[in-house]
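Q: Any chance you could fold what I've pasted below:
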Amino acid sequence: MSTDIDQPARFTRPGKTVHEDERIDRIVADREDEPPPGVPRDHNEQPLIVLPDGSGVMAYRRASKYGGRIRDERMIHDWEKRGIVWGMSRKPHLVVSAGSVATQTAKDDRVKLQDIGQRALTAADADAAAMSGTALHKLSERSDAGEDLTYLGPHPLTVLAAYRRLLDPFEILATEMFVVHDRLGSAGTLDRAVRLPFDLVWSDGVIIPAGTILIIDVKTGKITSYGYWDTEFTCQQLVYDEGVPYLPGVTVLTDPGKRSAQNVASVTGQPGHHGRITWDEAGVPGGPCHRWALIAHVPYEAPERAQLVRIDLDEARKDAEVARQAWERARVGHGSRFLAMGADLLDRAASLPDNRTMPDELQDNGQTIRDADTALST
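A: Residues are numbered from 1 along each chain as shown. Next comes the predicted model:
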């Protein structure tokens, strides 16, 4: 990567202003697994990560999306369709925004439509996740500092209290830390790394001993969503647990208007090994336990039913391996699986005697019909 460009140009999504962060109606769930502002992203909002050997930059899949490749696609798509329709009906400005997009197929238009669809989904789930885990943590810090948060209203304060009830027993070692998992090619921002001050005893007899360091993710979705949790959550937690902390440095772009790995001219100021630092350096001595992880589920609409959920990381590794194979198979191009032949070409080929060589004009993409797997009958 060249280094002849002095001025850094970034293309990450801007963060919320301080004024926006103060308003409860703006403290909505951010996009799951949002990279920090210093991490550049491609047009699909995937973080662009410097490779471990420093040879280039590659888009890593978001940790929250990694396991979704092996979910029941029909069920997910049906849920998304309902959510988008509902969200668009409640947010007229999204309908207007969609109407301003000229086509469905142009590259830039596809990106715009996908963004509008995501915003509609967020609007549809706003009543169930009106505060993200990040917002809850920020509010808890302000509460600790003695700030008056009564302006939030009774219900948000009840949600905050439920969050504190789940998290306060633990020693928090790190928050909102961005990590990369190079083998899986995935990255994301974990919510908390905590240390247990006591034995955590579960109803099935499992005991996680005091002193264990665990990754905790915070979810604020409906209590009914718990029954639908699947591989997207197990893989997400595995990326956080097995990954390593990553510091992005300063990304310099050839063209500030383009969002791609190929447009990265250089990345400077990265500490550690191309941005990768040890867990010890990140304040998490020895790193997290590789056997278990936790989710603090604080349903916004029913905070009294907040619960701590254990994730079996051995099962998560199996999920991630299947997902990895599925993502690899997704890279196989359409042309490797399919080759079309028009009916007119088939008619002409069928009229040839068996002993004749296929004329050049009947060759398709350098392959004659006689090169196909099965013989052609006359």
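Q: got the contact list for the spatially closest residue to Thr231 that is not a sequence neighbour?
A: Among residues not flanking Thr231 along the chain, Gly67 sits closest, at 3.6 Å (CB to CB, 6 or more residues apart in numbering). Where C-beta positions appear, they are placed from N, C-alpha and C, glycine not excepted. Each residue near Gly67 by CB atoms under 8 Å, 6 or more residues apart in numbering is listed here: Asp230, Thr231, Glu232, Phe233, Thr234, Cys235, Gln236, Asp319, Ala320, Ala323.
Q: which sections of the stretch 151-300 of the chain are below the confidence cut-off?
A: For the stretch 151-300 of the chain, applying pLDDT under 70 flags no range at all.
Q: all strands in it, in order from the N-terminus.
A: Taking DSSP state E, counting those that start in this stretch, the strands of the stretch 151-300 of the chain run over residues 171-181, 186-195, 200-201, 207-208, 213-219, 244-245, 250-253, 264-268, 292-297.
Q: Which of the ones you listed sits closest to Ala63?
A: In terms of CB to CB, the element of the strands of the stretch 151-300 of the chain nearest to Ala63 is strand 186-195, at 3.0 Å.
Q: On the three-state scheme, the closest residue to Ala102 other than its chain neighbours is what?
A: The shortest distance from Ala102 to any non-neighbouring residue, by CB to CB, 6+ apart, is to Asp109 (6.0 Å). Secondary structure state of Asp109, per DSSP: H, G, I helix; E, B strand; the rest coil, is helix.
Q: So that it lines up with my notes, have the first residue be 11 from now on.
A: Okay, using 11 as the starting number, the last item reads as Asp119.
Q: Confirm for me that Asp119 is in contact with Thr113.
A: Yes: under the criterion of CB atoms under 8 Å, Asp119 makes contact with Thr113 at 4.8 Å.
Q: just to revisit the earlier point, any chance of the strands of the stretch 161-310 of the chain in TSV, plus mean neighbour count and distance to Pro102?
A: Below are these laid out as TSV (neighbours: other CB atoms under 10 Å; distance: least, CB to CB, whole Å):
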stretch	mean neighbour count	distance to Pro102
strand 181-191	19	33
strand 196-205	25	32
strand 210-211	15	48
strand 217-218	14	49
strand 223-229	24	29
strand 254-255	21	42
strand 260-263	20	35
strand 274-278	18	38
strand 302-307	23	32
